[in-house]
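**Student:** Sequence and computational prediction follow.
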Amino acid sequence: MVLPEAYTRFVAGPEAQPATAASMSLTVSEPVLEGTTLLGHVILTQDAPHLQDLFDNLPLPGGYLELRQYTHPDTYTVVRRRGDESLKNGPAMREITLAGTPWKLELWKASPQPLVELLTYFTVWLVLSVLLTAMVWLVYLRLRNWVSEDLNTIVNLMTDIRRQRVRSAYQVNLIEFEKPLAMLVKLAQLTVGKQKETESQASLDHLSQVYNRRSFETRQSELFKTLSQGQVHSLLIIDIDNFKYVNDTYGHDAGDQLIVQFGKVLKLHLRASDFVARLGGDEFCVIFPNTPLPRAIELAERLRGNLPAVLELTPGVLHRLNWSGGMSEYSPKDSAENQALIRADGALLEAKRGGRNTTRIKPVA
Ligand SMILES: Nc1nc2c(ncn2[C@@H]2O[C@H](COP(=O)(O)OP(=O)(O)OP(=O)(O)O)[C@@H](O)[C@H]2O)c(=O)[nH]1
């Protein structure tokens, strides 16, 4: 290597690749003179990792830095680079001459973001944030409505349970409510079914399956209250003739069967609006709601004509069905709810005394 003058230089590896610490070395050249005659140069080359470290650790926040070295004649070549080289195309450059050395640093700084660009970013960010907030708010409101509607549906179901009128299905908005609600509806239907069964059992006479005495009193009380509004109701009290004879002759089971079958045929041949109850023993009572006494008498006669003449109580035991009846009408002048029943009972007694199998009437005095 022939070097023209005394100098100190870095010798770097290929420029394109960032040199490792070991690839950069420092070369020092010193002329050897004899008198004025130049005999040659002494050249020393040594790895310079510490200088490399120094360069690599210079603070460089977001810029680009080049270490350049003087090369004869009057040119500088790049020996080291750091940072984002694309910044080199930009305008901002600062040159730092390292006095007394063949090196200088050239620095490009990242240009600050223009204000307009920042404002655009900020506006976009703001709009997006507002949109996002509005969306979240809308979703929240919708969800709140749905939850509130679905809770109302559950409240409606509870009301329907109380009224014993559970529907087969209830509409909900949220899929999460569907399964539990369907389960609730099933449970409610079961509960209401059981409730109705229990209630109906409690209101019916276990043998004849017509209403029992307690239900009769409740219904009578309800109807009695409507008399003041001008409504008219009548009643027929029935007593099976010679019931004791059935018991005594065919046994208690046959007597029971007579009650069962009598209850059945009564329900079959009366109107759906008529109220049939067993008051006890072989005594039944029919209330004809909203029916004046003359019309009730017609209905009682029709009943007598329609009821079967003979009933088969137990296999082979046939019984001729006869019954006596007493009729009256509820009156707003009655001081007690059961006064019409007392009048009808009196009429029944007359029917019995008169030979049975007939109906007597005791109108309001
Ligand atoms: N098998 C049966 N007998 C009953 C029941 N309740 C009451 N009795 C009987 O029914 C009979 C009632 O008879 P009564 O109505 O007094 O007499 P009757 O033979 O019907 O006479 P008349 O009413 O005058 O025609 C009594 O012997 C009671 O013991 C019952 O639930 N089952």
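**Tutor:** Great, that's in hand.

**Student:** element containing the closest residue to the ligand within the stretch 51-200 of the chain, please.
**Tutor:** Nearest residue of the stretch 51-200 of the chain to the ligand: S200, at 20.1 Å (CB to the nearest ligand atom). C-beta here means a position set from N, CA and C on the backbone, and glycine is covered the same way. Secondary structure here is read from DSSP states H and E; on that basis S200 sits in helix 175-203.

**Student:** One more: I237?
**Tutor:** When elements are defined using DSSP H and E, I237 is found to belong to strand 234-240.

**Student:** Output that strand as PDB, nothing but the C-alphas.
**Tutor:** In PDB, the C-alpha atoms belonging to strand 234-240 read as follows (Å, rounded to 0.1, in the frame of the first residue of the first chain):
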ATOM      1  CA  SER A 234    -134.200 -20.000  40.700                       C
ATOM      2  CA  LEU A 235    -133.400 -23.300  42.300                       C
ATOM      3  CA  LEU A 236    -134.500 -26.900  42.400                       C
ATOM      4  CA  ILE A 237    -133.800 -29.200  45.300                       C
ATOM      5  CA  ILE A 238    -133.800 -32.900  44.500                       C
ATOM      6  CA  ASP A 239    -134.000 -36.000  46.800                       C
ATOM      7  CA  ILE A 240    -133.800 -39.500  45.400                       C
END
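
**Student:** Who are the packing partners of that strand?
**Tutor:** Based on contacts counted as 3 or more CB pairs under 8 Å, 6 or more residues apart in numbering; DSSP states H and E, the elements that strand 234-240 packs against are helix 252-269, strand 283-288, helix 293-306, strand 323-329, helix 339-353.

**Student:** Report the inter-axis angle for the last one versus strand 234-240.
**Tutor:** Same thing as helix 339-353. For helix 339-353 and strand 234-240, the angle between their directions (axes from the mean of the first three to the mean of the last three CA atoms, to 10 degrees) works out to 40 degrees.

**Student:** Buried residues, helix 339-353. List them.
**Tutor:** Residues of helix 339-353 classed as buried by neighbour count (16 or more other CB atoms under 10 Å): 339-341, 343-345, 347-352.

**Student:** With the third one instead?
**Tutor:** Along helix 293-306, the positions that meet the burial threshold by neighbour count (16+ other CB under 10 Å) are 293, 296-297, 299-300, 303-304.
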